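A.B. asks: predicted structure and sequence below. I'll ask about it afterward.
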Amino acid sequence: IGLFFNNFMLGATGGDFVKAYYVSKETHHKKTEAMTTVFIDRIVGMFAIIVIALIALLFHMHDPKMRKVSSAIFICFGVFVGFATLFMNKRLVRKIPFFDVIKRRMPFREQLARIYDAFYVYHDHKRVILGAFAYSLFLQFVVILIIWGLGKALDIQGVGLIHYMLLVPVISTVSALPISFGGLGLGEGAYVYFFNLVTEQTAKYLALALTLRFLTILWSLVGGLFLMLPKTRIPAGELEEAKIAS
């Protein structure tokens, strides 16, 4: 159902709000903490795909064409490491200048504190995070293999699996930006721009992006079928409330 809503919400990951809604609906206590697990899942998945890109970058360290891509990967990696450091170290957070003043003036202080505490719980459950990371690493690599296979079917020449491991993570990150519904147009443009850095085949890259979108929409329709079931219908207004709560 979350994948189904990805097609209609801003960014390629907008369906996370819907997943958060359903998780909270099935949880009679600690609803905020339940919602937080959805976003932990997204963060771990994004970090896994960036790690794949870093591994692929080792094979392109001296390629001048990949300078923009490598800069984007290092920035993303730095942001995720910084985020993890802050959320796993309360002492460090409290050392932020004017922390107490900022905390007192922040809206939704109690909800934000509960969200932070829910994140911090994983400080004592590192095996859970590592397990989720291992699963994500495998699944993200499978997705890259699927896209590489589509590229082979479209007879895209001069682009190897290592290029896909390097470029797909960057494109996925760009597509997740809340600019267009389902990342429509943004993702396709990213495929054309970044893959053209390797070798110019604009028409084939656009065909690759559109084929991938078609397959994604086709698979997400399964979630649409589940949504039609009486028990899974979202009452009017509740989705908006879930987004605000998230």
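C.D. replies: The structure has been received and is ready for your questions. The shown structure was predicted, so the numbers you read here are calculated from the model rather than taken from an experiment.

A.B. asks: quick one: contacts for the nearest residue to Ala12 once chain neighbours are set aside?
C.D. replies: Counting by C-beta to C-beta, 6 or more residues apart in numbering, Ala12 lies nearest to Gly183, which is 3.7 Å off, once chain neighbours are set aside. Just so you know, the C-beta spots here come from the backbone N, C-alpha and C atoms, and that holds for glycine as well. Counting by C-beta atoms under 8 Å, 6 or more residues apart in numbering, Gly183 makes contact with 11-12, 175-177.

A.B. asks: go with 6 Å
C.D. replies: 11-12, 175 (C-beta atoms under 6 Å, 6 or more residues apart in numbering).

A.B. asks: does it count as helix, strand or coil?
C.D. replies: Secondary structure state of Gly183, per DSSP: H, G, I helix; E, B strand; the rest coil, is coil.

A.B. asks: number of nearby residues for Gly182?
C.D. replies: Using other C-beta atoms under 10 Å, the number of residues around Gly182 comes to 23.

A.B. asks: kindly report the same for Phe194.
C.D. replies: Neighbour tally, Phe194, other C-beta under 10 Å: 21.

A.B. asks: now swap in Leu227 and tell me
C.D. replies: Neighbour tally, Leu227, other C-beta under 10 Å: 15.

A.B. asks: relative to Gly2, how far out is it?
C.D. replies: Note on Leu227: its distance to Gly2, by C-beta to C-beta, to the nearest Å, is 10 Å.

A.B. asks: skipping adjacent residues, who's closest to Gln140 in space?
C.D. replies: Nearest to Gln140 is Ile49, by C-beta to C-beta, 6+ apart, at 4.4 Å.

A.B. asks: pLDDT at that neighbour, what is it?
C.D. replies: What the model reports for Ile49 is a pLDDT of 90.

A.B. asks: and which of the contacts of Gly183 is nearest to His62?
C.D. replies: Ser175 (28.0 Å; C-beta to C-beta).

A.B. asks: burial count for that closest one?
C.D. replies: Counted with other C-beta under 10 Å, Ser175 comes out at 24.

A.B. asks: likewise Leu161?
C.D. replies: Residues near Leu161, counting by other C-beta under 10 Å: 15.

A.B. asks: next one: the one 4 residues further on
C.D. replies: As a burial measure, Met165 scores 23 neighbours (other C-beta under 10 Å).

A.B. asks: so what's Phe39 up against?
C.D. replies: Per C-beta under 6 Å, 6+ apart, neighbours of Phe39: none.

A.B. asks: next one: it, what pLDDT does it get?
C.D. replies: We note a pLDDT of 83 for Phe39 in this prediction.

A.B. asks: in the helix or strand encompassing it, what counts as buried?
C.D. replies: Per DSSP states H and E, Phe39 falls inside helix 31-57. Within helix 31-57, the residues scored as buried using 16 or more other C-beta atoms under 10 Å are 31-54, 56-57.

A.B. asks: stretch 12-28 now?
C.D. replies: 12-24.

A.B. asks: could you redo those as TSV and give each row secondary structure?
C.D. replies: What follows is the buried residues of stretch 12-28, written out as TSV (three-state DSSP):
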residue	secondary structure
Ala12	coil
Thr13	coil
Gly14	coil
Gly15	coil
Asp16	helix
Phe17	helix
Val18	helix
Lys19	helix
Ala20	helix
Tyr21	helix
Tyr22	helix
Val23	helix
Ser24	helix
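
A.B. asks: nearest to Ser136 among those residues?
C.D. replies: Taking those together and measuring to Ser136 by C-beta to C-beta, the closest member is Thr13, at 13.7 Å.

A.B. asks: give me the below-cutoff pLDDT ranges for the chain.
C.D. replies: Applying pLDDT under 70 to the chain picks out residues 93-94, 96-104, 107-109, 231-246.

A.B. asks: that's all I had, so thanks and see you.
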